[in-house]
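Colleague: test case, fold it:
(one chain, ligands or ions: 1)
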Amino acid sequence: MNKLPADAFAASIWHNAAIPRCKQFLWLLHRDRLPSAALLHHRHIVESPLCAYCGEHEDQHHILLQCPPAKLVWRAIGWPAAPDLLDFRELWALPALPDETPPAVRSAIITAILWNIWKARNSWIFDSSLHSAATTVCNIAGDLRLWTYRVKSTLASDFLRMWAQQLHVA
Ligand SMILES: [Zn+2]
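Modeller: Next up is the predicted model:
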């Protein structure tokens, strides 16, 4: 019997300077299991599969890349092509991060962005609190600054710190 093919994306999830909770979030995304309205509707947990913000079909792709508040965040951080991607994994191939970015840092930056877009969506749904793109960007920068202490190499921590700074002034 053939072995299962190696999961090429798994390294991006686990070799990642993000905190464990955020890596698990990325794993959920990879498995297409983020509890979006569409997924919860499919499981008969909620009545509507539509986005509470804009009324479109709300799957994880919509929440993270296509819903208007997410698009504003991608524009604010200077990655305006992100909403056009067909798959969130393509974020790893965008030229926004230079080639020499250490892989664990690349993954951490993208994870922090996705995580904070998801958290902003939840604030809107559960607390009726609408975060501005600037607030979400500040939260991304804050996470990256905290995660600086999770990497051992100076190169990696310098990269993370630099990105946190850049996002803060964006
Ligand atoms: Zn929406």
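Colleague: show me which residues of this structure sit near the ion.
Modeller: Residues of the chain lying near the ion by CB under 5 Å from the ion: 51, 53-54, 56, 67. Where you see a C-beta, it was placed from the backbone N, CA and C, and this is true even at glycine.
Colleague: what's the following helix or strand after the helix ranked longest in the chain?
Modeller: The longest helix of the chain (DSSP state H) is helix 103-127. Using DSSP states H and E, the helix or strand that follows helix 103-127 towards the C-terminus is helix 133-147.
Colleague: check which helices and strands that following helix sits against.
Modeller: helix 68-76, helix 103-127, helix 154-169 (3 or more CB pairs under 8 Å, 6 or more residues apart in numbering; DSSP states H and E).
Colleague: mean confidence (pLDDT) on the longest one, please.
Modeller: The predicted model assigns helix 103-127 a mean pLDDT of 96.
Colleague: and if you look at the first one?
Modeller: If you average the pLDDT over helix 68-76, you get 96.
Colleague: got the contact list for it?
Modeller: Applying CB atoms under 8 Å, 6 or more residues apart in numbering, the set of residues contacting helix 68-76 from outside is 53-54, 63-65, 80, 82-83, 113, 116-117, 120-121, 124, 130-131, 133-134, 136-137, 170.
Colleague: how far off centre is that helix?
Modeller: Taking the mean of its C-alpha atoms, helix 68-76 sits 12 Å from the chain's own mean (CA atoms, centre = their mean, to the nearest Å).
Colleague: just the C-alphas of that helix, formatted as CSV.
Modeller: The C-alpha trace of helix 68-76 is given here as CSV (Å, rounded to 0.1, in the frame of the first residue of the first chain):
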residue,chain,number,x,y,z
PRO,A,68,-14.9,44.2,3.0
PRO,A,69,-13.3,44.5,6.4
ALA,A,70,-10.7,41.9,5.5
LYS,A,71,-10.0,43.6,2.1
LEU,A,72,-9.4,46.9,4.0
VAL,A,73,-6.8,45.1,6.2
TRP,A,74,-5.0,43.6,3.2
ARG,A,75,-4.9,47.1,1.6
ALA,A,76,-3.7,48.7,4.8
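Colleague: got the angle between it and helix 103-127?
Modeller: 150 degrees (axes from the mean of the first three to the mean of the last three CA atoms, to 10 degrees).
Colleague: again, but for the last one
Modeller: Calculated by the same axes, to 10 degrees, helix 154-169 forms an angle of 40 degrees with helix 103-127.
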